[in-house]
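Novice: Sequence plus the predicted model coming up.
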Amino acid sequence: MRFQPGLYASMTGHFIKSSLSGKKKFPLVLMLEPTHRCNLACIGCDRIRTAAKGDLTVAECLNAAKECGAPVVAVTGGEPFIYPGLKDLLEGLFKMGKFVYLCTNGLAAGEGMDQLRPDPKLTLNFHIDGMQATHDQVTNRPGTFQAALAAVKKAKQKGFRVSTNTTVYKNSDLAELESLFGLLTEIKVDGMLISPAFAYQSVENDIFFKKEEIRDKFRRFDPLFKKFPFMNTPIYTDFLQGKREMHCTPWGNPTYSPLGWKSPCYLITDGYYKGFSELIKKTDWKRFEEGLDPRCANCMVHGGYETTVMRIAFRSPREMLRLALWNVQNARK
């Protein structure tokens with residue numbers, strides 16, 4: 001399976017309970033950034049440009065997870081493996097019944113995972129953007145590809161559930177990506193996620209797509225979608241390829257960091273709020289849901305749209321069945 005049955009059950013229960021209670025906006029995934037400190041300065045990332053100096057405490061992290069209520073927590077950053085309270089944070093999230101995706105660049109993961117234990121609710125998610133030359137260029141440091149690959153192999157050997165995340169840039173080569181996905185499949189990673197790069201205003205580089213360029217690029221991905229165990233849902237894939245239109249669900253993946261609750265979304269920063277309820281009440285969600293903000297013009301990143309996919313599926317038995325069959329399908333050849 002591409003996702004654990006328990007994760008689907010947890011998200012379904014959360015969706016039904018929230019809907020019946022009359023809630024209009026209820027997140028499915030919390031993007032939790034316990035630290036903005038990082039051991040890399042990647043070309044497509046803006047966190048090093050907007051970083052907070054201090055870390056969150058474990059208590060602050062757990063309170064945010066409780067306040068938000070999302071069944072899934074993506075622990076990101078910064079680099080979470082350099083966060084000193086990581087073990088206690090994960091244990092606390094598991095006790096709350098949360099499914100956790102620990103997002104890492106892999107550099108500190110080799111030693112860091114020795115302090116952790118595999119758990120059915122935990123997935124280690126490694127960011128790898130290409131084969132060696134490309135990945136090392138993206139991360140601005142030689143040797144990062146080999147370090148990440150070694151960490152992925154070690155994680156599998158230790159019994160962790162492992163996925164990867166690959167950002168597709170304007171100049172990404174499809175043949176190279178096919179080689180990467182083939183290599184990761186040989187290592188038996190449990191799933192792979194891909195997403196088009198988002199053009200941060202604070203990152204000056206001609207590596208980002210216009211929307212029609214994204215559609216053209218991902219139409220050529222068709223053979224790869226059929227060949228490898230991608231975690232991108234088929235509904236989101238249709239959107240990437242221009243086969244359907246969708247609106248973003250920016251409140252579906254709220255971000256909490258040492259700076260506070262980030263508004264409006266993981267990718268765009270207009271301000272921060274102290275409380276989650278304040279974030280929900282004071283953000284002009286319609287502006288971002290309907291893509292009225294010019295910064296949204298070329299965004300097709302999975303964070304905002306996979307939540308929309310779940311909303312579509314819960315309203316359509318046909319689409320829900322499609323997702324269920326896709327989840328159990330063995331994509332490995």
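Specialist: In hand now; what should we look at? Keep in mind it's a predicted model, so treat the numbers as computed, not measured.

Novice: and after the top helix by length along the chain, which helix or strand comes next?
Specialist: Scanning the chain for the helix with the most residues, using DSSP state H, yields helix 5-20. Going down the chain from helix 5-20, the next helix or strand is strand 29-32, by DSSP states H and E.

Novice: Can you list the residue ranges for helices in the stretch 101-250 of the chain?
Specialist: Under the criterion DSSP state H, counting those that start in this stretch, the stretch 101-250 of the chain carries helices at the ranges 109-112, 132-139, 144-157, 174-186, 211-219, 222-227, 234-240.

Novice: what's in contact with the fourth one?
Specialist: Outside helix 174-186, the residues within contact range by CB atoms under 8 Å, 6 or more residues apart in numbering are 128, 130-131, 134, 149, 152, 164, 166, 168, 192, 194, 217, 220-221, 224, 227-229, 332. (Glycine included, C-beta is placed from N, CA and C.)

Novice: Read off the pLDDT value for L40.
Specialist: Listed pLDDT for L40 reads 81.

Novice: what's the nearest residue to it if we skip its chain neighbours?
Specialist: In space, and not counting its chain neighbours, L40 is closest to T139: 5.0 Å by CB to CB, 6 or more residues apart in numbering.

Novice: Could you double-check that the one you found sits in contact with N105?
Specialist: Yes: counting by CB atoms under 8 Å, N105 is a contact partner of T139 at 7.0 Å.

Novice: Mind giving me the packing neighbours of the longest helix of the chain?
Specialist: Packed against helix 5-20 by the contact rule (3 or more CB pairs under 8 Å, 6 or more residues apart in numbering; DSSP states H and E) you find strand 72-75, strand 99-104, helix 302-315.

Novice: residues in contact with the residue nearest to L40?
Specialist: Contact analysis of T139 by CB under 8 Å, 6+ apart lists L40, A41, C42, N105, D129.

Novice: Any of those buried? List them.
Specialist: Buried members of the contacts of T139, scored by 16 or more other CB atoms under 10 Å, are L40, C42, N105, D129.

Novice: thinking again about what came up before, report the set of residues contacting both of T139 and N105.
Specialist: L40, C42.

Novice: re the thing from before, for F314, state which of the contacts of T139 is nearest.
Specialist: Ranked by distance to F314 (CB to CB), these are led by D129 at 32.5 Å.

Novice: who are the neighbours in contact with the closest one?
Specialist: D129 sits next to G44, H135, V138, T139, T166, T167, Y169, S172 when contact means CB under 8 Å, 6+ apart.

Novice: on that earlier part again, out of the helices and strands packed on helix 5-20, nearest to L122?
Specialist: Minimum separation from L122 across the helices and strands packed on helix 5-20 (CB to CB) falls at strand 99-104, 5.1 Å.
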